[in-house]
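Colleague: requesting a structural model of the entry that follows:
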Amino acid sequence: MKKNLLFLMMLLGQFSFAQNDIVDDILNEQKPKREYVAYTFKSTRIINGHSIEMVKKNAIDVRISHRFGDIAVKGVSGHTLGGIDNASDILISVEYGILDDLSIGVGRTKGGTANVGLKELYNGYIKYRALKQTTDFKYPMSITFIANAVISSQKFDPFVANQLLKNEPIAHRASYMLQGLFACKATPWLSLQLSPTFIWRNYVPYNDVNGMFFLGFSGRAKVAKRTAIIFEYFTALGAMGNRQYGGFVRGKKGLDYYPNLHVGVEFETGGHVFAINLTNSEGLIENDFLPYNTKTWSAGQIRLGFTISRIFQLGKGGTFSKKAKK
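Modeller: Residues are numbered from 1 along each chain as shown. The predicted model follows:
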């Protein structure tokens, strides 16, 4: 009798475990799989500034950007074909995806802010995505962080107003940036991003400050399957030293600093992303165009620019957004 009772108890236990396994399988099948939003922006940069997008694992993003001279200059623009003859800045950069959410990049720019900022700028940066937006908005935004270091190889020129290079150690040629990017793909056609930024310059003129805070607001509005309107606005926050600051609405000429406003059109052409833009900034990297912009739309100081980005996959790609919705 005892043996029969023991056998019955063992049988009931096995049946109970089997039921639990079946219930677990059913619950796991019913649990929705998390899907991440893809293509909040089409490129790792929007116009000048970075976007939350990353280069995928084992891929390389080769980027060439060009910024021309002022379109409308009295008595000059007709001879420079609207500034096309005058290149204010040129950028060549390469970014590599170590992981889907971690990449590094290097680049070189001519430097666009004549007589104010440094030229011949070499920059290196690291970019990390900490959070990815989900299609169910459980995570309503994507968050990416960037840190860079920039150094100038420019020689001292006594005929140029910039005196930063005279008898100064090499450390005075360096600047650094820390930036957070907070973006949301609000609808299938509209993406928005905030970009709080801190820039530190090791050496500045007497009427300036080393550390400056900026806030950027950027967006992308899709107007066709492979075409979108893109824009950026960056403005300084807090002290500007002794420099006179002016917003766009004032329309006052001749100030020492103006916010940056960039608008453009972006075209996706298979493996390339091509963008053409209009902007009042001369530089192409944050350490240059953010603290040194002395141009304003209200004075007609607008210039044409373009960017070409090409992705090359070196090996097996990452796993990000295999089932994500475009």
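Colleague: distance of Gly222 relative to Ala186?
Modeller: Not Gly; residue 222 is Lys. 12 Å (CB to CB, to the nearest Å). The C-beta positions use only the backbone N, C-alpha and C, and glycine is treated the same way.
Colleague: again, but for Ala149
Modeller: Per CB to CB, Ala149 is found 34 Å from Ala186.
Colleague: on that earlier part again, common neighbours of Lys222 and Ala186, please.
Modeller: Counting by CB atoms under 8 Å, 6 or more residues apart in numbering, Lys222 and Ala186 have no shared contacts at all.
Colleague: go ahead and confirm Gly315 touches Asn58.
Modeller: Yes - assessed by CB atoms under 8 Å, Gly315 is found in contact with Asn58 at 4.1 Å.
Colleague: so the two - more neighbours on which side?
Modeller: Using other CB atoms under 10 Å, the more surrounded residue of Gly315 and Asn58 is Asn58, with 17 against 7.
Colleague: quick one: average pLDDT of stretch 133-147?
Modeller: Averaged across stretch 133-147, pLDDT comes to 96.
Colleague: who's in contact with that stretch?
Modeller: Against stretch 133-147 from outside (CB under 8 Å, 6+ apart): 32, 34-37, 40, 50-52, 54, 125-132, 176-185, 324-325.
Colleague: please check those residues and keep the buried ones.
Modeller: Using 16 or more other CB atoms under 10 Å as the burial test, the contacts of stretch 133-147 include 36-37, 40, 50-52, 54, 125, 127-129, 132, 176-177, 179, 181, 183-185 as buried.
Colleague: among the residues you listed, which are in strands?
Modeller: Using DSSP state E, the subset of these located in strands is 125, 127-129, 176-177, 179, 181, 183-185.
Colleague: need the max-distance pair from the residues you listed.
Modeller: Farthest-apart pair in those is Tyr176 and Lys185; separation 30.0 Å (CB to CB).
Colleague: give me the nearest residue to Trp297, chain neighbours excluded.
Modeller: Asn280 (5.1 Å; CB to CB, 6 or more residues apart in numbering).
Colleague: return the distance of that neighbour relative to Leu81.
Modeller: Taking CB to CB, one finds Asn280 at 19 Å from Leu81.
Colleague: these two: which has the busier surroundings?
Modeller: Asn280 (23 against 12).
Colleague: quick one: that one and Ile302 touch, right?
Modeller: Yes - using CB under 8 Å, Asn280 is in contact with Ile302, at 5.9 Å.
Colleague: hang on, Gly254 in a helix?
Modeller: No - counting by DSSP: H, G, I helix; E, B strand; the rest coil, Gly254 falls outside a helix, being coil.
Colleague: look up how far Ala299 lies from it.
Modeller: Remark: distance between Gly254 and Ala299 (CB to CB) = 8 Å.
Colleague: also Glu232?
Modeller: Taking CB to CB, one finds Glu232 at 20 Å from Ala299.
Colleague: tell me which of those two has more neighbours.
Modeller: Glu232 (24 against 16).
Colleague: any idea what the residue nearest the centre of the chain is bridged to?
Modeller: Centroid-nearest residue in the chain, with CA atoms, centre = their mean: His50, separated by 0.4 Å. Note on His50: beta-bridge partners by DSSP bridges are Arg45.
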